[in-house]
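# This is a predicted model, with the sequence first.
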Amino acid sequence: MLSLDDVRLMTRLHGGLPLTDRPFADVAAELGWQEDTVIERLHHLLAQGVLTRFGPLFQIERAGGRFVLAAMAVPEDRFAEVTAVVNALPEVAHNYRREHALNMWFVVAAASPALADAAIGRIERITGLPVFAFPKEREFFVELKLPLTAGGSPEQRHAA
């Protein structure tokens, strides 16, 4: 179960981290905490699996890289084997199982289009299965912020 402080921290960080020399110190000051407390709580939330990722999102294409959404039709009896192959590649960012003829979907993120294509080629060579690649053509920014608690933010409820 999350503590109120955990919810406060995640709610505060949901909108971004200050672009300063000491962003964790700035967040800590906003919350009335110490910088070490913010960092320790983040480590704890990641270790417990409450947060699965904490980090920046990049527009990789601006730096010459490439994101590719990819899909495969994996026979059920080979699903675990192929999952292990796909997930072993450092270029694979996410991997999802779907109820569809193309039952494995994943994201390939690489520093260049050639490296993305090479990663997809490795998966095809190792598994013997075709990979259907859907490179990003354009980006849409949808900022979805879901409340972490019923009834709004902890601050809104406390003030009521």
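Received, thanks.
# Check which residues of the helix or strand H43 falls within are buried.
Applying DSSP states H and E as the criterion places H43 in helix 35-47. Buried residues in helix 35-47, counted by 16 or more other CB atoms under 10 Å: 37-38, 41-42, 45. Placement of C-beta: from N, CA and C, glycine included.
# and what of stretch 99-116?
103-110, 116.
# gap between the spatially most central residue of the chain and G32?
By CA atoms, centre = their mean, the chain has its centre lying nearest to R53, at 5.5 Å. Separation of R53 from G32 (CB to CB, to the nearest Å): 26 Å.
# V131 against M72, yeah?
Yes: contact criterion CB atoms under 8 Å: V131 and M72 qualify, at 5.6 Å.
# Find the residues that touch each one of these two.
Applying CB atoms under 8 Å, 6 or more residues apart in numbering, one finds that V131 and M72 are jointly contacted by I123.
# in this protein, which spans are helices?
If DSSP state H is used as the criterion, the helices of the chain fall at 4-13, 23-31, 35-47, 79-88, 113-127, 154-159.
# of those, which approaches L148 most closely?
Checking the helices of the chain against L148 by CB to CB gives helix 4-13 as the closest, at 5.0 Å.
# Please name the nearest non-neighbouring residue to I123.
V131 (5.4 Å; CB to CB, 6 or more residues apart in numbering).
# which ones are touching L9?
Applying CB under 8 Å, 6+ apart, the residues near L9 are 27, 31, 38, 41-42, 45.
# same deal with E139?
Per CB under 8 Å, 6+ apart, neighbours of E139: Q59.
# and what of T52?
L46 are the contacts of T52 under CB under 8 Å, 6+ apart.
# Might you list the low-confidence residue ranges for this protein?
Scanning the chain for pLDDT under 70 picks out the ranges 150-160.
# Could you list the domains of it?
Domain assignment for the chain, taken from automatic domain parsing, gives 4-56, 60-135.
# Among these, which comes closest to E143?
Of the domains of the chain, the one closest to E143 (CB to CB) turns out to be domain 4-56, at 8.5 Å.
# Pull the number of nearby residues for the closest residue in space to H14 that isn't next to it in sequence.
Computed as CB to CB, 6+ apart, the closest residue to H14 that is not its neighbour in sequence is K145, at 5.6 Å. The local packing of K145 (other CB atoms under 10 Å) involves 8 other residues.
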